[in-house]
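Trainee: Need a 3D model of the following:
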Amino acid sequence: MLDNANDGSNSKSMSIIATKGTLDWAYPPFILGTTGAAMDMDVTMFFTFYGLGLLKKDLNLKMSTLGNPAMEMPMMGKHMAMPNIIGGLPGVDKGVTAMMKNMMAKKGVASIEDLREAAVESDVRLIACQMTLDLFEIQLSDLIDGVELGGAATALEVAGKTDINYFM
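Mentor: Sure thing, here's the model as predicted:
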């Protein structure tokens with residue numbers, strides 16, 4: 001399916017490895033994946049470690065301010081940076097998550113649920129890492145319908161045949 005080199009087609013292919021499961025890290029793989037699919041690319045997304053949570057039926061994505069010095073939020077007409085020390089205070093992550101979700105809703109940014117549904121409808125191949133399922137004791141029934149199981153060999157096989165590879 002992904003071997004375009006010899007079939008005479010001009011279609012491109014893309015693979016994305018998603019390793020992060022916070023709200024801010026959920027957007028890049030789904031935006032790139034759905035955009036690639038809209039551009040008639042064959043897209044495969046491989047979800048491993050904390051990225052696997054993005055395939056759960058019940059999403060409860062949060063933001064984390066820790067370790068993100070580039071995080072600036074528009075506040076009071078300025079862009080305010082969030083010092084790392086503030087992220088350690090109780091309730092800060094919950095507040096930042098609510099603020100980000102509110103800002104996205106006001107700006108008309110699609111939700112991760114909507115982007116994920118668009119990926120499924122666009123025939124993006126979604127692969128859950130079997131080792132991660134086992135490691136974190138997650139059941140296949142906890143994930144959305146249409147997810148395949150695979151491992152590192154599957155991810156490498158796909159990446160070796162695609163034109164564009166992303167690791168996030």
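Trainee: so Ala152 touches Met131, yeah?
Mentor: Yes: the criterion here is CB atoms under 8 Å, and Ala152 meets it with Met131 at 7.5 Å. Using the backbone N, CA and C atoms, a C-beta is placed for each residue, glycine as well.
Trainee: in which helix or strand would I find Met99?
Mentor: helix 92-107 (DSSP states H and E).
Trainee: how about the most centrally placed residue in the chain, what does it touch?
Mentor: In the chain, the C-alpha nearest the mean C-alpha coordinate belongs to Ala26, at 3.5 Å (CA atoms, centre = their mean). Contact partners of Ala26, counting by CB atoms under 8 Å, 6 or more residues apart in numbering, are Ala18, Lys20, Leu54, Leu61, Ile112.
Trainee: Please indicate which of the residues you listed has the highest neighbour count?
Mentor: If you count neighbours using other CB atoms under 10 Å, the busiest of the contacts of Ala26 is Ala18, which has 28 neighbours.
Trainee: residues near the nearest residue to it once chain neighbours are set aside, how many?
Mentor: Excluding the flanking residues, the one nearest Ala18 by CB to CB, 6 or more residues apart in numbering is Gly51, at 3.5 Å. By other CB under 10 Å, 24 other residues sit near Gly51.
Trainee: Could I get the contacts of Ala26 in TSV, plus columns for pLDDT?
Mentor: Converted to TSV, those look like this (pLDDT from 0 to 100):
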residue	pLDDT
Ala18	98
Lys20	95
Leu54	97
Leu61	91
Ile112	94
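Trainee: Let's have the residues you listed in TSV, adding secondary structure.
Mentor: Compiled in TSV, these are given as follows (DSSP: H, G, I helix; E, B strand; the rest coil):
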residue	secondary structure
Ala18	strand
Lys20	coil
Leu54	helix
Leu61	coil
Ile112	helix
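Trainee: any idea which of the residues you listed is the one closest to Thr44?
Mentor: Nearest to Thr44, judged by CB to CB, of the contacts of Ala26 is Ala18 at 11.1 Å.
Trainee: Alright, I will stop here.
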